[in-house]
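Student: Structure for this input, please:
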Amino acid sequence: MCDRNEQLGRPFTRREFLKVSAVAGIGLASAPKLFSADSTPGEIPVRELGKTGVKVSAVGLGGYHIGIPDEQESIRMIRSAIDRGITFMDNCWDYHNGKSEIYMGKALRDGYRDKVFLMSKIDGHTKEAAAKQIEESLKRLQTDRIDLMQFHEVIRDTDPDKIFGEGGSAEAMLEAKKAGKIRFFGFTGHKDPAIHLKCLRVAAEKQFPFDAVQMPLNVMDAHFRSFEKQVLPELVKNRIGVLGMKPLGSGAIVRNGGVTAIECLHYAMSLPTSTVITGCDTMKILDQAVEAGRTFKPMTREQITALLGRTREPAQEGQLERFKTSTQFDGTTHNPHWLG
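Tutor: Numbers count the residues shown, from 1 in each chain. Model prediction:
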């Protein structure tokens with residue numbers, strides 16, 4: 001699959017990308033190379049994952065929602081996504097008590113594993129807990145390597161200190177990479193940009209090499225406690241892969257924000273994201289994600305201004321981003337034993 005701007009049938013021009021980059025306050029010179037001169041109309045674009053040298057689909061398949069259907073339907077959806085050009089697979093050790101990883105592991109049999117970039121996450125903050133969770137993820141996913149393993153739910157100000165402290169989970173990650181079980185490192189969080197910035201700072205002090213970072217990027221985030229405005233420029237400057245998540249806010253943005261799902265996905269894809277991870281629990285929703293990828297072209301400054309104007313009021317106080325303002329979506333808050 002080739003890098004491309006699908007509808008235009010050509011790569012981004014300098015002017016087009018400058019318009020997109022300006023929204024996040026990012027200069028073109030520091031922005032990642034998202035598209036090459038090659039283009040293949042009718043397919044989902046692929047983009048570079050930071051400075052890893054790996055290319056992934058601009059739309060990623062969310063791991064949580066894939067654990068909602070029954071096993072056979074989940075396998076059918078995962079393989080359908082791959083067959084239609086979605087190569088980035090999201091997952092996590094704790095999703096549905098491991099069911100999401102089990103389903104995905106079965107779906108990636110019969111040659112599908114080598115067609116995807118496989119990511120999962122662990123919750124453990126101690127070396128012991130993290131090492132155990134890494135092994136369990138490998139077993140469930142039926143693989144000897146996970147392309148990207150991430151520290152999950154870095155949502156408390158104390159989390160980075162625990163992860164990178166003596167006997168912390170970073171030690172288990174480094175050992176797993178040395179053993180060839182992990183290729184790249186990342187972390188996720190959905191609470192506050194300040195915590196992301198602290199995690200990046202602590203990791204740099206410890207000389208821990210983050211290859212990717214996952215965070216909410218959507219039309220509401222632009223107005224409230226914004227990862228786009230505060231964290232995205234840092235990732236682009238340091239050529240760290242940008243994994244956008246919650247583009248639809250678990251559906252709340254579409255239901256109450258006056259925007260369509262395709263608009264939400266195209267907005268997140270118009271930012272300098274390596275991939276935009278979206279949850280799909282039915283074939284209909286998967287079709288929507290594929291369509292968003294196939295019909296994508298970068299939004300103009302005028303289109304973005306108009307879209308953000310429509311979302312400004314419903315975005316106030318984070319009422320459509322409850323993952324920022326409540327503990328409703330905080331798995332490790334409700335299950336502190338996962339941290340170790």
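
Student: what residue ranges in the stretch 1-150 of the chain are flagged as low confidence?
Tutor: 1-39, 41 (pLDDT under 70).

Student: where exactly do the strands run in it?
Tutor: Using DSSP state E, counting those that start in this stretch, the strands of the stretch 1-150 of the chain run over residues 46-48, 55-57, 59-61, 88-89, 117-122, 146-151.

Student: and His223, which of those strands is closest to it?
Tutor: Closest of the strands of the stretch 1-150 of the chain to His223 is strand 59-61, at 23.8 Å (criterion: CB to CB). Glycine gets a C-beta too; all of them are placed from N, C-alpha and C.

Student: follow-up on the earlier one: with mean neighbour count and distance to Glu101 added, can I get the strands of the stretch 1-150 of the chain in JSON lines?
Tutor: Output for the strands of the stretch 1-150 of the chain, formatted as JSON lines (neighbours: other CB atoms under 10 Å; distance: least, CB to CB, whole Å):
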{"stretch": "strand 46-48", "mean neighbour count": "24", "distance to Glu101": "24"}
{"stretch": "strand 55-57", "mean neighbour count": "24", "distance to Glu101": "19"}
{"stretch": "strand 59-61", "mean neighbour count": "29", "distance to Glu101": "13"}
{"stretch": "strand 88-89", "mean neighbour count": "30", "distance to Glu101": "10"}
{"stretch": "strand 117-122", "mean neighbour count": "26", "distance to Glu101": "7"}
{"stretch": "strand 146-151", "mean neighbour count": "26", "distance to Glu101": "10"}
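
Student: Phe185 looks like it's in a helix, true?
Tutor: No: counting by DSSP: H, G, I helix; E, B strand; the rest coil, Phe185 falls outside a helix, being strand.

Student: Hmm, it is touching Ile146, no?
Tutor: No: judged on CB atoms under 8 Å, Phe185 makes no contact with Ile146 at a distance of 10.6 Å.

Student: Please name the nearest non-neighbouring residue to the residue most central in space within the chain.
Tutor: The residue lying closest to the centre of the chain (CA atoms, centre = their mean) is Leu243, at 3.2 Å. Nearest residue to Leu243, sequence neighbours excluded (CB to CB, 6 or more residues apart in numbering): Gln214, at 3.8 Å.

Student: what's the neighbour count on that neighbour?
Tutor: Per other CB atoms under 10 Å, the neighbour tally for Gln214 reads 29.

Student: what are the C-alpha coordinates of the helix or strand encompassing it, in CSV please?
Tutor: Element membership of Gln214, judged by DSSP states H and E, is strand 212-216. Provided in CSV are the C-alpha atoms of strand 212-216 (Å, rounded to 0.1, in the frame of the first residue of the first chain):
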residue,chain,number,x,y,z
ALA,A,212,4.7,6.8,19.9
VAL,A,213,2.1,8.5,22.2
GLN,A,214,-1.6,8.0,22.2
MET,A,215,-4.1,10.7,23.2
PRO,A,216,-7.6,12.1,22.5
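
Student: and it, which strands flank it?
Tutor: Strand pairing for strand 212-216, determined by DSSP bridges: strand 182-188 (parallel), strand 241-245 (parallel).

Student: Tell me how far it lies from the chain's centre.
Tutor: Counting by CA atoms, centre = their mean, to the nearest Å, strand 212-216 is centred 5 Å from the centre of its parent chain.
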